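Trainee: Sequence and predicted structure are below.
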Amino acid sequence: MNITLYSFLYVLRLNEGNSTGRNIDERKKMQGENFTIWSIFFLEGFSQYPGLEVVLFVFSIVMYLTTLLGNSTLILITILDSHLKTPMYLFLGNLSFMDICYTSASVPTLLVNLLSSQKTIIFSGCAVQMYLSLAMGSTECVLLAVMAYDRYVAICNPLRYSIIMNRCVCARMATVSWVTGCLTALLETSFALQIPLCGNLIDHFTCEILAVLKLACTSSLLMNTIMLVVSILLLPISMLLVCISYIFILSTILRISSAEGRNKAFSTCGAHLTVVILYYGAALSMYLKPSSSNAQKIDKIISLLYGVLTPMLNPIIYSLRNKEVKDAVKKLLGKIPLHQTHEHL
């Protein structure tokens with residue numbers, strides 16, 4: 001699930017009961033100190049529903065393998081096919097690599113724990129899992145805004161597209177996305193791991209940062225401030241850029257006289273807009289619903305669906321709406337020769 005969006009909305013739920021999942025009786029206090037350093041964590045996951053775990057295992061492994069296949073294929077064709085060397089496919093390749101990293105950080109642990117009676121993860125594994133989830137979520141936040149700007153230039157300023165979005169500019173924009181996501185994730189993770197925890201039972205199926213922070217012995221104003229500031233810098237600005245880009249895109253499309261031209265313009269940005277809606281939709285649904293005792297259970301189910309389903313759908317969405325991608329896949333599979341003529345924006 002997108003941790004950046006979680007942390008932005010985290011302050012809305014700071015005053016809710018955060019004692020769920022604490023295991024105070026099992027604390028191991030360091031001598032002379034009033035805090036605990038845990039070497040292992042227990043993941044609650046879906047252990048309350050043992051009959052459901054086998055179904056979830058089958059669902060998760062099928063989705064995970066499909067994610068690896070779909071995104072790896074998309075990366076491969078953008079590298080091998082000379083017709084897919086445009087900025088859109090450069091960013092799309094980065095998005096696919098991000099999805100692979102994100103799912104690989106959490107799904108393998110989930111699969112093992114679904115079939116295991118002891119659902120555990122060591123401290124270092126929890127730290128890596130937390131960092132990768134944060135880094136990929138934050139990077140994707142910035143990258144989606146970059147892709148929206150790319151579509152804006154392609155639709156609203158097509159004659160200067162190749163000049164504005166040249167290879168050097170695109171590489172820098174992709175690099176900024178990765179550096180921003182990785183550095184902010186490093187900041188959040190490093191501070192989160194220093195907070196004293198009064199338990200080691202995480203009420204989640206992964207080391208999600210908000211689930212881990214619910215185990216904190218005391219509320220950390222510094223940690224809350226860091227998460228809020230980082231999230232405000234990433235999420236609202238990214239969403240604002242996406243919205244502004246699509247306002248200009250829609251305005252330009254509506255001025256196109258021919259129906260064929262409008263349909264072509266809509267198709268070029270439809271896939272990206274679909275991914276944006278999927279990206280924010282599930283997370284917003286979690287925080288716009290009324291709080292209840294079953295909130296954490298519902299959050300875990302939505303998180304599971306979003307965490308394994310959305311990365312799988314991304315390459316499918318782009319390939320089904322894009323003739324060039326479909327032709328490149330067919331060429332890769334050796335079924336038919338790739339058409340010699342392609343339409344470029």
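Mentor: Received the coordinates, thanks. Numbers count the residues shown, from 1 in each chain.
Trainee: ranges for the strands of the stretch 101-250 of the chain?
Mentor: 120-122, 201-202 (DSSP state E, counting those that start in this stretch).
Trainee: now the last one, how far from the chain's geometric center?
Mentor: In terms of Cα atoms, centre = their mean, to the nearest Å, the centre of strand 201-202 is found 23 Å from the chain centre.
Trainee: helices or strands next to it in the packing?
Mentor: Applying 3 or more Cβ pairs under 8 Å, 6 or more residues apart in numbering; DSSP states H and E, one finds that strand 201-202 contacts strand 40-43. For glycine as for every other residue, the C-beta is placed from the backbone atoms N, C-alpha and C.
Trainee: Next secondary structure element downstream of the strand it packs on?
Mentor: Per DSSP states H and E, strand 40-43 leads on to helix 50-80 as the next helix or strand towards the C-terminus.
Trainee: Which positions in that next one come out as buried?
Mentor: For helix 50-80, burial by neighbour count (16 or more other Cβ atoms under 10 Å) applies to 53, 56-57, 59-61, 63-64, 66-68, 70-71, 73-75, 77-78.
Trainee: on that earlier part again, could the strands of the stretch 101-250 of the chain go into a markdown table alongside distance to Ala328 and mean neighbour count?
Mentor: As requested, these are arranged in a markdown table below (distance: least, Cβ to Cβ, whole Å; neighbours: other Cβ atoms under 10 Å):
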| stretch | distance to Ala328 | mean neighbour count |
| --- | --- | --- |
| strand 120-122 | 39 | 16 |
| strand 201-202 | 42 | 20 |
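Trainee: Mind putting those strands into a markdown table with mean pLDDT and distance to Gly181?
Mentor: Compiled in a markdown table, those are given as follows (pLDDT from 0 to 100; distance: least, Cβ to Cβ, whole Å):
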| stretch | mean pLDDT | distance to Gly181 |
| --- | --- | --- |
| strand 120-122 | 87 | 23 |
| strand 201-202 | 88 | 23 |
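Trainee: could those strands go into CSV alongside distance to Met223?
Mentor: As requested, these are arranged in CSV below (distance: least, Cβ to Cβ, whole Å):
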stretch, distance to Met223
strand 120-122, 21
strand 201-202, 17
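Trainee: So for Leu221, which of the ones you listed sits nearest?
Mentor: Among those, the nearest to Leu221 by Cβ to Cβ is strand 201-202 (22.5 Å).
Trainee: List the strands paired with that closest one, with their directions.
Mentor: Each strand that strand 201-202 pairs with, and the sense of that pairing, follows from DSSP bridges: strand 40-43 (parallel).
Trainee: Let's test this: mean pLDDT of the partner strand, rounded?
Mentor: Averaged across strand 40-43, pLDDT comes to 87.
Trainee: residues making contact with that strand?
Mentor: Contacts made with strand 40-43 from outside it, assessed by Cβ atoms under 8 Å, 6 or more residues apart in numbering, are listed as 23, 109, 113, 118-123, 126, 200-202, 204-207, 212.
Trainee: mind redoing it with 10 Å?
Mentor: Outside of strand 40-43, the residues that reach it under the criterion Cβ atoms under 10 Å, 6 or more residues apart in numbering are 21, 23, 26, 109-110, 113, 116, 118-123, 125-126, 197, 199-208, 211-212, 215.
Trainee: Give me the buried positions along it.
Mentor: By neighbour count, with 16+ other Cβ under 10 Å as the criterion, the buried positions of strand 40-43 are 41-43.
Trainee: sorry, back to before: looking at the strands of the stretch 101-250 of the chain, which is closest to Val276?
Mentor: Val276 lies closest to strand 201-202 among the strands of the stretch 101-250 of the chain, at 29.8 Å (Cβ to Cβ).
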